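Engineer: A structural model of the following input is requested.
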Amino acid sequence: MPSLALCLGLSAVWFGGCQSRTESQGDQSQAPSAASAPDHLPPLDHLPIDPPIRITATFGEYRRAHFHAGVDFSTDLRVGRPVYAPVNGYVERVGTSGTGFGNSLRLHAQDGRTILLAHLDGFDEPIASYAAAVQESSGHYEQDLVPSADRLPVHAGQRIAWSGQSGVGPPHLHMEIRWGEVAYNPLRFGLSLPDSHPPLLHRVTLEPVDDTSYVAGSAAPRTFALGPRADTVVIQGRARAWLDAADGVSEAWARVAPYTESIDWNGEQVESRFDRISWETDMPDVEWAYDATGRSALGQALALWIADEYRPSMYKASRGAAGGVVTVRPGDPPRPLTLRAGDAAGNTTERQLVLRPPREGEHLSPLPRRRRAAAARGFDMMPLAGPFVRLRYSGAPPGLRDVALGLEGKSTALRPATFDGARWVAVVRVPLGASLFVATGRTAAGTWEARVPARLVAVSPQSEAVLAREDSTAAFRLVLPSESVFIPTFLVVDSLRPARGTPSLATIGSAFSVEPSSLPLRRPARIEATLRSGGSERHGLYHLRGASWIGVNTPRDSAASNRGAVSAQVRTLGRFAVFEDVAAPRIAAARTARISTPALQRWALQCRVVEGGSGVDAERSYFEVDGRRVPTEYDLERGILRWRPLHPPAAGTHAYRVIAVDRAGNESQATGRFVAR
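Structural biologist: Presented below is the predicted three-dimensional model:
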């Protein structure tokens, strides 16, 4: 395989947002299942694009709430490269959408597998006319079409589409190989490409997991570069590993996942192997497998540890392996920790660290020489396994010594803290009835202490948990169904606090917080809010992500909204509030454009839509041309509303009207004329 480059494209669930189907659904009882999936698949008959082939994203990488279930081909950031059918068969599905996979085709091969090709710019005939006829007759762009098996046959090597940037991401081509609901690694099952570049092993993070464990004298996770020389790391107790690796040589390789990664320690092994992934059962495991929310120091590192309570299907452990947890006891001799990564072509890379217990005087680390910018003053908490949590405190006075952090309840659990350059950190055991965060220390002026109320709630995969808070303005409930967390853990339920709105979002009452927001969820939670003073359809639930409030409402129930009740399914925890969207989308002047590619000349009428509240409702936002609604695509990433017909309108002057509606129902309109030549 040629050298790999970073691809920023994100894929989503199959045809997310598509609204309709046509023609036969086929005999679903005969659809291939996971149980009937073969162990081997023959090579593809034809490459989906012309050489040279360059892979920019691999199978098994992290994507929001799911694994990347295919490979991405580079199109050199250009639109319009021919796309070919890789197999003999027929078109099983045609999708058109402004989000997710964008314009997509799913081909049913004669051997029973299906091939998905996504982010296309347009379809070749007769597929193009088939999709356009449904769009034009309905006036709706978003389609999920299921033609009969004899409607659109294809043969290997037939040009069926052109590459594009529809849906999400820059120009590229996404391909998946499936059998039923199981996605196969294309580089192992059908797509054979030369590859002489071994994977890269960049860094590893070792994370203490209990209140008597330290890595390099620190209670915080510590990250180490992996080079050809095996450096020595001092560990006391137990630590788990996160590996930062990449498949192949690239200047920007961070998201290109290796086929396999493993850790060997003291005769035990844990390995992650991305052969195949079930869309029905494996996708939620991505939040466990990858450090997508910053639990280690690496951002999107792969976990090389598992838990007794939960083991994703792509993880294997040797008999008796302690889940990838490294244990170093006093008096142990120095031992190698071996880390490996392999690609689909069989190239492997191996690196080692030597781990030894501390000598006398090496228990805790001295203060770092360089200080990093600290977060806002206060405590934050990250659950570990069992009864342990990691506490951090920011904003302590300078010159503080003998710092301890802990929780107070029916007993008090304080542990010596280490400084990570920005915060004081300690791992503590949660005492029964914990209700206070506590930090203590000494300064030149005397004793220093900070105490903050904390409502800790234990949650478990085996049972549902309901977390609630209310005040005079609103009542909130967060419902965590069974199996929504991966292992038994703790959450912090905060008191309701005032929520600050924006020019587009008017504040309605308080905000509800359940932390940590970085805790991975296996199943979505349900957030519910009821306003004391009633509500309207313009009221909605919002989730604070970074510095922005993002709308998370499910389809609106008008009667419930008028009672002030709103609810949503969420995949992450954090801070939630109810706002009123008080501003309609803003519409810029519409313009015509000719979109030229090496193979296509496409005419378009488009305008920019700016929305700062609940978000644009793509289904209710559209162009009317000469008094008729036309199929209109909303490009979410670029904020563009676009009408791009298969054939340009007749020459002459035409009148248009733009209707832009947000998810709260606020509507704006603009009118004008354009000249077609």
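Engineer: rest of the way, CA atoms for contacts and neighbours
Structural biologist: Will do.
Engineer: Going along the chain, name the strands of the stretch 201-350 of the chain.
Structural biologist: All strands of the stretch 201-350 of the chain, identified by DSSP state E, counting those that start in this stretch, fall at 214-215, 222-225, 232-246, 260-265, 268-273, 276-278, 302-303, 315-317, 325-328, 335-342, 348-356.
Engineer: which one of those lies closest to residue 142?
Structural biologist: Closest of the strands of the stretch 201-350 of the chain to residue 142 is strand 276-278, at 26.1 Å (criterion: Cα to Cα).
Engineer: C-terminal to the lowest-mean-pLDDT helix or strand in the chain, what's the next element?
Structural biologist: Within the chain, no helix or strand scores below helix 558-562, which has a mean of 53 by mean pLDDT, DSSP states H and E. Heading C-terminal from helix 558-562, the first helix or strand you meet, by DSSP states H and E, is strand 565-570.
Engineer: re earlier: can you list the strands of the stretch 201-350 of the chain in CSV and add mean neighbour count?
Structural biologist: Formatted as CSV, these follow (neighbours: other Cα atoms under 10 Å):
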stretch, mean neighbour count
strand 214-215, 28
strand 222-225, 17
strand 232-246, 24
strand 260-265, 24
strand 268-273, 21
strand 276-278, 21
strand 302-303, 26
strand 315-317, 19
strand 325-328, 22
strand 335-342, 21
strand 348-356, 20
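Engineer: JSON lines for those, including mean pLDDT?
Structural biologist: Output for the strands of the stretch 201-350 of the chain, formatted as JSON lines (pLDDT from 0 to 100):
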{"stretch": "strand 214-215", "mean pLDDT": "94"}
{"stretch": "strand 222-225", "mean pLDDT": "93"}
{"stretch": "strand 232-246", "mean pLDDT": "93"}
{"stretch": "strand 260-265", "mean pLDDT": "95"}
{"stretch": "strand 268-273", "mean pLDDT": "93"}
{"stretch": "strand 276-278", "mean pLDDT": "93"}
{"stretch": "strand 302-303", "mean pLDDT": "90"}
{"stretch": "strand 315-317", "mean pLDDT": "90"}
{"stretch": "strand 325-328", "mean pLDDT": "94"}
{"stretch": "strand 335-342", "mean pLDDT": "96"}
{"stretch": "strand 348-356", "mean pLDDT": "96"}
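Engineer: Mind putting those strands into JSON lines with distance to residue 670?
Structural biologist: Putting the strands of the stretch 201-350 of the chain into JSON lines (distance: least, Cα to Cα, whole Å) gives the following:
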{"stretch": "strand 214-215", "distance to residue 670": "62"}
{"stretch": "strand 222-225", "distance to residue 670": "54"}
{"stretch": "strand 232-246", "distance to residue 670": "49"}
{"stretch": "strand 260-265", "distance to residue 670": "54"}
{"stretch": "strand 268-273", "distance to residue 670": "53"}
{"stretch": "strand 276-278", "distance to residue 670": "46"}
{"stretch": "strand 302-303", "distance to residue 670": "49"}
{"stretch": "strand 315-317", "distance to residue 670": "55"}
{"stretch": "strand 325-328", "distance to residue 670": "61"}
{"stretch": "strand 335-342", "distance to residue 670": "56"}
{"stretch": "strand 348-356", "distance to residue 670": "59"}
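Engineer: Relative to residue 409, which of those is closest?
Structural biologist: With Cα to Cα as the criterion, residue 409 lies closest to strand 214-215 of these, at 25.0 Å.
Engineer: Run the chain-centre distance for that closest one.
Structural biologist: How far strand 214-215 lies from its chain's middle: 30 Å, per Cα atoms, centre = their mean, to the nearest Å.
Engineer: same thing with stretch 57-67?
Structural biologist: Here stretch 57-67 shows a centroid-to-chain-centroid distance of 8 Å under the convention Cα atoms, centre = their mean.
Engineer: buried sites along that stretch?
Structural biologist: Going by neighbour count (16 or more other Cα atoms under 10 Å), the buried part of stretch 57-67 is 57-63, 65-67.
Engineer: Could you do stretch 447-456 as well?
Structural biologist: By neighbour count on 16+ other Cα under 10 Å, the buried set for stretch 447-456 is 448, 454-456.
Engineer: same deal with stretch 499-509?
Structural biologist: 499, 501, 504-509.
Engineer: will you turn those into CSV that also has pLDDT and secondary structure?
Structural biologist: As requested, the buried residues of stretch 499-509 are exported to CSV (pLDDT from 0 to 100; DSSP: H, G, I helix; E, B strand; the rest coil):
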residue, pLDDT, secondary structure
499, 88, coil
501, 87, coil
504, 93, coil
505, 94, strand
506, 92, strand
507, 88, strand
508, 84, strand
509, 82, strand
